[in-house]
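Trainee: Structure, please.
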Amino acid sequence: MAQLTGYSPIFSPSGDFQKLTDTECIVQDLIALLTIKQGTYAFNPSLGSSLSSYIFNISDAITYRNISAIIQQALNTMSNYITLNGQINLSSTSDQKGLVVSFNVTVNQKYNSNISLLVTQNNVTPLVSQTNV
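Mentor: Take a look at the predicted model:
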């Protein structure tokens, strides 16, 4: 099975990079796509998302539908190696200051990964990533 590989900077004095594989790579790619504000890259203005514009909105069905569409669009840009299975599930955190986003993808048509992300006004953080071969 071909393995996805990517690299992420480690914020340390050495400035090293950490090698990421498979689900870790997908999660980091997705976090980058969701946290980059669309239109900020001069040579690729379509890169990124408008997710940050929804963080302070009321958590209602319309907002959830719009956020789900943004995440779906980000996943579609990664469609050369992942496929979304089913729907994207959104729920508010207990303190109402963030959203938990959960979904399942098939990677390289080989295995499934369940991914959950915490979206807050400041960042997107992975909560759970589980791979099922």
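Trainee: Can you mark which positions in the helix ranked longest in the chain are buried?
Mentor: The longest helix of the chain (DSSP state H) is helix 61-77. Buried positions in helix 61-77, judged by neighbour count with 16 or more other CB atoms under 10 Å: 64, 67, 68, 70, 71, 73, 74, 75. To be clear about C-beta, it is placed using only N, CA and C from the backbone, and glycine gets the same treatment.
Trainee: Next secondary structure after the helix or strand of the chain with the lowest mean pLDDT?
Mentor: Taking mean pLDDT, DSSP states H and E as the measure, the helix or strand of the chain with the lowest value is strand 5-9, at a mean of 62. Downstream of strand 5-9, the first helix or strand assigned by DSSP states H and E is strand 17-21.
Trainee: Can you name every helix or strand that the helix or strand that that next one is followed by contacts?
Mentor: Sequence order places helix 22-35 as the next helix or strand after strand 17-21, per DSSP H and E. Packed against helix 22-35 by the contact rule (3 or more CB pairs under 8 Å, 6 or more residues apart in numbering; DSSP states H and E) you find strand 5-9, helix 61-77, strand 98-107, strand 111-120, strand 124-132.
Trainee: quick one, which of those is nearest to residue 35?
Mentor: Residue 35 sits nearest to strand 124-132 of all the helices and strands packed on helix 22-35, at 5.5 Å, using CB to CB.
Trainee: Now distance to residue 49 too, for the helices and strands packed on helix 22-35, in a markdown table please.
Mentor: Shown next, in a markdown table, are the helices and strands packed on helix 22-35 (distance: least, CB to CB, whole Å):
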| stretch | distance to residue 49 |
| --- | --- |
| strand 5-9 | 19 |
| helix 61-77 | 5 |
| strand 98-107 | 12 |
| strand 111-120 | 11 |
| strand 124-132 | 10 |
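Trainee: among those, which is nearest residue 17?
Mentor: That would be strand 5-9 among those, by CB to CB, at 4.4 Å.
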